[in-house]
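Visitor: return atomic coordinates for the entry below.
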Amino acid sequence: MQRAFTLIELILVVVIMGVVYMFAIGSLETIKRKSQNTLPTLANLKAFLLAKDFEKEARFVCFEGCSSCSVVLDGNVTQSLSTLFDVDPKIYRYNSLLGMEQVELDPYFDANGVQKDLCFSYRIYRDGIGDQIFVEYKDRVYDFSDYFEDEKVYDSLDSLLQKRESLVQKVLL
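Guide: Numbers count the residues shown, from 1 in each chain. Modelled structure (predicted):
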């Protein structure tokens, strides 16, 4: 004779699963809140923006000689922050034929349609793909070119350039 589960045993299993689910979701919300409350740095900028709640794009911009920065989610400024920079960073893109090329930033227009000068801008989309840029700041170079990995930090522009050249050679061979 086979023994089946009683109604009380089934209800007990459902209650236990509900309690475990409640604690798991609560922990995930706490982690998300903590990551949203951390201050951004160049080393965690991608993760900082991805932790925000947005539909299309998140953008981190610094204005007017890098004296102030803002988080812009789907075109709306949601958070104003003190700046990351005490000197203007240099922003580059890699061209396999020409090497590193310094980037001119696109103009930024605020909610009133007023154009503001930018000293830094990084944009990331909902799918995790962001601007493929390299930022030189204080004897370090931050590599934002990988789609699905965190930023990489190099000691110099030359070491980054050597790494990119070796990747190009691997692809060509």
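
Visitor: pick out the residue closest to the middle of the chain.
Guide: With distances taken as CA atoms, centre = their mean, the residue of the chain nearest its centroid is residue 46 (1.4 Å).

Visitor: quick check: that residue is in a helix.
Guide: Yes: judged by DSSP: H, G, I helix; E, B strand; the rest coil, residue 46 forms part of a helix.

Visitor: give me the local confidence score for it.
Guide: Residue 46 is assigned 90 on the pLDDT scale.

Visitor: run through the strands of the chain in chain order.
Guide: With strands called from DSSP state E, the chain shows them at 57-63, 68-73, 76-81, 90-95, 99-102, 108-109, 115-116, 118-125, 134-137, 140-143, 152-154.

Visitor: and the ones you listed as TSV, adding mean pLDDT?
Guide: Below are those laid out as TSV (pLDDT from 0 to 100):
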stretch	mean pLDDT
strand 57-63	91
strand 68-73	90
strand 76-81	86
strand 90-95	90
strand 99-102	88
strand 108-109	84
strand 115-116	88
strand 118-125	92
strand 134-137	93
strand 140-143	92
strand 152-154	90
